[in-house]
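**Student:** Here is my input, please return the structure:
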Amino acid sequence: MTEEPASNINLPHRQLKLDTLVRLRWLAVGGQSAALLIVHVGLGYTLPAGPAFAMVALSAWVNIFLKMRWPSAMRLSERAATLQLAYDILQMSGLLYLTGGLGNPFAFLLMAPVMVSATGLSARYTFLLGVLATFCASVLAVFHLPLPWPDTEDFRLPVIYSAGIWIALVLTLGFMAVYAFRVAEEARQLADALTATELVLAREQHLNALDGLATAAAHELGTPLATIYLAAKELRDEFEDGDYRGEDIELIRSQAERCREILKQLTSLSSEEDQTYQRMPVAQLLEDVIDPHRGTGVAIHSSIGGNGPEPVGTRNAAIRYGLGNLVENAVDFAKSRVDVSAQWDDAALSISIRDDGPGFSIDILGKIGDPYVSVRSGRSPQGSTGGGLGLGIFIAKTLLERTGAKLQLENQAPPGNGAHIRVSWPRSTFEGRVGVDETPI
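**Tutor:** Here you go, the predicted structure:
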């Protein structure tokens with residue numbers, strides 16, 4: 001499996017706001033104007049002030065046009081943002097051409113648009129901008145007007161020094177772009193994965209909320225159904241045996257009675273007296289987690305035991321989904337067997353999941369739990385529903401840790417083989433009555 005597949009969740013974090021680029025360009029306009037005024041007016045150095053200020057004014061007019069043409073809150077496509085950043089590189093290159101090329105101390109500002117791209121755009125467009133900046137730096141190393149300097153002196157850099165500046169600029173550009181892109185990409189992946197986790201938990205909470213809605217509906221429908229039942233019973237006595245109308249009335253009465261029984265069952269599911277529903281012992285939790293994965297061709301064995309009474313916790317969508325995800329991962333990679341066990345004492349509860357598959361890849365064992373990291377070595381899972389994004393362990397880890405659990409992931413010690421996942425809670429935390437089902441993420 002690919003170790004770190006790219007995210008395929010379509011979120012707007014690769015779309016820069018127009019206002020962001022406009023503000024950065026205004027900052028550049030202010031800095032360029034100040035630099036030109038200090039050098040030309042303050043220090044009295046000779047430079048082509050007319051063309052230089054014209055290029056600065058062009059950036060100002062571009063900003064004004066963009067503000068008038070589109071709303072500031074507009075999010076640009078990657079292509080549109082790349083075109084604007086490419087313009088910034090060309091505009092800065094034009095100023096450097098007029099003011100000494102790479103000999104100008106401000107030559108390293110050519111990297112700025114590429115850095116913006118690395119933090120906000122994809123690798124493809126960042127690479128294109130990096131190529132453009134490198135091309136401009138190469139041209140400026142050879143073709144440029146003299147560096148502004150006192151009239152009595154003719155400042156010229158040695159060729160070897162100019163070549164050193166070019167090499168330093170290109171290497172710094174490449175290093176900083178890759179560094180900024182990797183840091184930003186990790187943040188984007190984490191944001192994607194957390195969003196996916198929140199969507200999963202929201203779905204579980206929605207399903208749990210349906211129980212409450214069913215109870216409310218049962219209470220609301222109870223009275224009209226009782227009225228229908230009584231009316232049908234009285235009407236049945238008005239007809240003689242064998243009258244087809246009496247048979248229809250009897251059918252209505254029987255169906256009303258059936259509806260009353262169904263509503264009574266729905267009401268009892270969420271009643272405070274029904275501790276089987278409100279509270280879930282560990283044995284029932286394991287069965288609920290394991291049952292959907294039976295019949296997949298992998299034998300699943302469960303066992304429980306410990307010191308003291310069996311822990312009983314609140315029904316919690318995060319625990320059920322998180323453990324279910326871990327069991328699914330074990331089933332996907334197991335050769336023939338998965339063991340799920342629970343052990344407890346007076347202080348803690350521990351649930352272990354073991355399989356006889358290839359185990360965790362050694363080179364990524366330390367990164368398990370990060371988003372978009374596939375966690376197994378060897379073959380790909382058969383019939384996996386995870387999509388290969390490496391989100392399964394991350395979602396499970398995030399959900400379970402929010403309930404107070406700690407996860408330990410390792411490979412089984414020889415002579416055993418396969419993965420071993422251990423999830424543990426302080427007993428007081430697991431048996432607490434408030435769970436993620438009742439608490440918004």
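**Student:** use CA for all of it now, contacts and neighbours both
**Tutor:** Will do.
**Student:** which secondary structure element contains Y97?
**Tutor:** Using DSSP states H and E, Y97 sits in helix 78-98.
**Student:** list the buried ones in that helix?
**Tutor:** For helix 78-98, the neighbour count (16 or more other C-alpha atoms under 10 Å) marks 78, 81-82, 84-86, 88-98 as buried.
**Student:** Which parts of the stretch 251-400 of the chain are strands?
**Tutor:** Assigned by DSSP state E, counting those that start in this stretch, the strands in the stretch 251-400 of the chain fall at 279-281, 299-306, 312-314, 337-344, 348-355.
**Student:** tell me the most buried of those?
**Tutor:** Among the strands of the stretch 251-400 of the chain, strand 348-355 has the highest mean neighbour count (mean count of other C-alpha atoms under 10 Å), at a mean of 22.
**Student:** angle of that one against strand 337-344?
**Tutor:** Relative orientation of strand 348-355 and strand 337-344, computed by axes from the mean of the first three to the mean of the last three C-alpha atoms, to 10 degrees: 170 degrees.
**Student:** on that earlier part again, which of the strands of the stretch 251-400 of the chain sits closest to V178?
**Tutor:** Nearest to V178, of all the strands of the stretch 251-400 of the chain, is strand 348-355, at 38.8 Å by C-alpha to C-alpha.
**Student:** packing partners for the closest one?
**Tutor:** Contacts defined by 3 or more C-alpha pairs under 8 Å, 6 or more residues apart in numbering; DSSP states H and E place strand 348-355 against helix 317-333, strand 337-344, strand 419-426, helix 427-430.
**Student:** Name the residues that touch stretch 116-134?
**Tutor:** For stretch 116-134, contacts defined as C-alpha atoms under 8 Å, 6 or more residues apart in numbering pick out 13-16, 78-79, 82, 85-86, 89, 110-111, 113-114, 170, 173-174, 177-178, 180-181, 183-185.
**Student:** ranges for the helices of the stretch 1-150 of the chain?
**Tutor:** Listed from the start of the chain, the stretch 1-150 of the chain has helices (DSSP state H, counting those that start in this stretch) covering 18-37, 49-69, 78-98, 111-120, 123-142.
**Student:** could you dump the ones you listed to CSV with mean pLDDT and distance to W344?
**Tutor:** Formatted as CSV, the helices of the stretch 1-150 of the chain follow (pLDDT from 0 to 100; distance: least, C-alpha to C-alpha, whole Å):
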stretch, mean pLDDT, distance to W344
helix 18-37, 91, 55
helix 49-69, 92, 64
helix 78-98, 92, 54
helix 111-120, 88, 47
helix 123-142, 90, 49
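**Student:** Need the strands of the stretch 251-400 of the chain in CSV (columns: mean pLDDT and distance to I160).
**Tutor:** Putting the strands of the stretch 251-400 of the chain into CSV (pLDDT from 0 to 100; distance: least, C-alpha to C-alpha, whole Å) gives the following:
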stretch, mean pLDDT, distance to I160
strand 279-281, 81, 76
strand 299-306, 89, 71
strand 312-314, 85, 73
strand 337-344, 92, 67
strand 348-355, 92, 63
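**Student:** what's the closest of those to I249?
**Tutor:** Among the strands of the stretch 251-400 of the chain, the nearest to I249 by C-alpha to C-alpha is strand 279-281 (42.2 Å).
**Student:** Quick check, V39 in contact with A52.
**Tutor:** No: counting by C-alpha atoms under 8 Å, A52 is not a contact partner of V39; they are 12.0 Å apart.
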